[in-house]
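Colleague: Predicted coordinates and the sequence they were generated for:
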Amino acid sequence: MKRVDRLAELAALLRGRESTTVPLLAEELAVSERTVLRDLATLRDQGQPILTESGHGGGVRLERDRGIVAVHFSIDELIALWMAATLSARATSLPWSAAAKRALDKVLASLPRPRARLLQAVSKRVVVGRPASPRVYAELGQASPLLLAAVERCFTASLCVAFEYVDRHGAATERTVEPHGLLVETPAFYLLARDLEKRAVRIFRLDRIRRARVLEDRPFTADLDSVHAELLAQRAAPPSAGA
């Protein structure tokens with residue numbers, strides 16, 4: 001049994017009983033008592049209210065009045081927690097911002113390795129910059145829930161997305177893009193994307209996107225570093241008509 005599965009099974013055994021012992025747990029999990037003790041310490045570090053009693057048999061029980069239950073986060077929920085804690089930490093004047101970061105660290109430490117790797121890969125594509133300028137703040141619109149759901153889906157699953165984009169002059173164009181990165185300039189959000197028709201990197205402000213459609217049959221390989229380098233090269237090159 002993998003350790004992550006064993007920890008889940010151990011937590012389930014503790015929730016299902018008023019009290020048990022280390023030897024009984026070791027027998028049921030087919031591991032040594034020393035392994036059970038290590039696993040109990042891990043669960044305790046993850047926030048499980050586990051009480052152990054000294055003496056023969058090594059009594060073990062959950063502190064029921066703490067109301068702890070197993071919580072399984074989806075990858076979207078984990079990204080939301082990571083985003084909230086990161087933005088809170090950047091705003092150093094906010095109360096409890098440091099506590100939010102510590103709480104997130106505890107959640108991340110408890111994740112199975114594949115899920116932790118996926119969260120790490122997605123979070124590296126999110127860049128938190130300076131707050132939005134007064135001009136952007138004044139003109140910023142509200143992104144619809146349907147748009148946000150489409151952006152979340154295409155971003156986390158590395159799928160292309162098609163949408164109508166309204167630029168700062170009010171002109172609307174149809175775009176099909178690979179969303180490689182997300183730039184956060186609170187409260188504004190931007191997609192750093194490769195425009196497949198223009199064959200160039202573009203930045204799209206989310207509140208200017210309309211009628212987004214996730215293209216489930218068009219996956220891509222996310223590469224923020226490459227796209228960022230391409231954007232810098234574009235900006236260094238002489239301007240061309242129709243850019």
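Modeller: All right, it came through fine.
Colleague: any idea whether T221 is helix, strand or coil?
Modeller: coil (DSSP: H, G, I helix; E, B strand; the rest coil).
Colleague: Okay, domains of the chain per the record?
Modeller: When the chain is parsed with automatic domain parsing, its domains come out as 3-66, 75-123, 134-236.
Colleague: Would you mind giving the ones you listed as JSON lines with mean pLDDT and mean neighbour count added?
Modeller: Where C-beta positions appear, they are placed from N, C-alpha and C, glycine not excepted. Conversion of the domains of the chain to JSON lines gives the following (pLDDT from 0 to 100; neighbours: other CB atoms under 10 Å):
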{"stretch": "domain 3-66", "mean pLDDT": "83", "mean neighbour count": "15"}
{"stretch": "domain 75-123", "mean pLDDT": "79", "mean neighbour count": "14"}
{"stretch": "domain 134-236", "mean pLDDT": "94", "mean neighbour count": "16"}
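Colleague: Not counting sequence-adjacent ones, nearest residue to D76?
Modeller: The shortest distance from D76 to any non-neighbouring residue, by CB to CB, 6 or more residues apart in numbering, is to E152 (6.0 Å).
Colleague: my guess is that neighbour contacts S74, does it?
Modeller: No: the pair E152 / S74 is not scored as a contact, 10.8 Å apart, by CB atoms under 8 Å.
Colleague: which stretch of helix or strand covers L25?
Modeller: helix 22-29 (DSSP states H and E).
Colleague: same question but for T52, I mixed them up
Modeller: strand 50-53.
Colleague: Identify the residues contacting that strand?
Modeller: Here strand 50-53 makes contact (CB atoms under 8 Å, 6 or more residues apart in numbering) with L14, V22, L40, L43, R44, G58, G59, V60, R61, L62, E63.
Colleague: and of those, the nearest to I79?
Modeller: Top of the list for closeness to I79, among the contacts of strand 50-53 and by CB to CB, is L43 at 24.7 Å.
Colleague: Tell me the secondary structure of the one residue sitting closest to the centre of the chain, please.
Modeller: By CA atoms, centre = their mean, the chain has its centre lying nearest to I79, at 1.7 Å. Counting by three-state DSSP, the backbone at I79 sits in helix.
Colleague: Now for V127, how many residues are close by?
Modeller: V127 has 14 neighbouring residues, counting by other CB atoms under 10 Å.
Colleague: Figure out the helix or strand that it lives in.
Modeller: If you go by DSSP H and E, V127 is part of strand 126-128.
Colleague: Sheet-wise, list the partners of that strand with their directions.
Modeller: Strand 126-128 has the following sheet partners, assigned by DSSP bridges: strand 172-185 (parallel).
Colleague: P187 and L147, how far apart?
Modeller: According to CB to CB, to the nearest Å, P187 stands 15 Å off from L147.
Colleague: Could you measure from the nearest residue to D207 once chain neighbours are set aside over to R210?
Modeller: With CB to CB, 6+ apart as the criterion, D207 has its nearest non-adjacent residue at 3.8 Å, and that residue is G141. According to CB to CB, G141 stands 11 Å off from R210.
Colleague: show me where the protein has strands.
Modeller: Taking DSSP state E, the strands of the chain run over residues 20-21, 50-53, 59-62, 126-128, 159-166, 172-185, 188-195, 200-205, 209-219.
Colleague: Next, format those as JSON lines and append distance to L104.
Modeller: What follows is the strands of the chain, written out as JSON lines (distance: least, CB to CB, whole Å):
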{"stretch": "strand 20-21", "distance to L104": "31"}
{"stretch": "strand 50-53", "distance to L104": "22"}
{"stretch": "strand 59-62", "distance to L104": "24"}
{"stretch": "strand 126-128", "distance to L104": "14"}
{"stretch": "strand 159-166", "distance to L104": "26"}
{"stretch": "strand 172-185", "distance to L104": "16"}
{"stretch": "strand 188-195", "distance to L104": "20"}
{"stretch": "strand 200-205", "distance to L104": "27"}
{"stretch": "strand 209-219", "distance to L104": "28"}
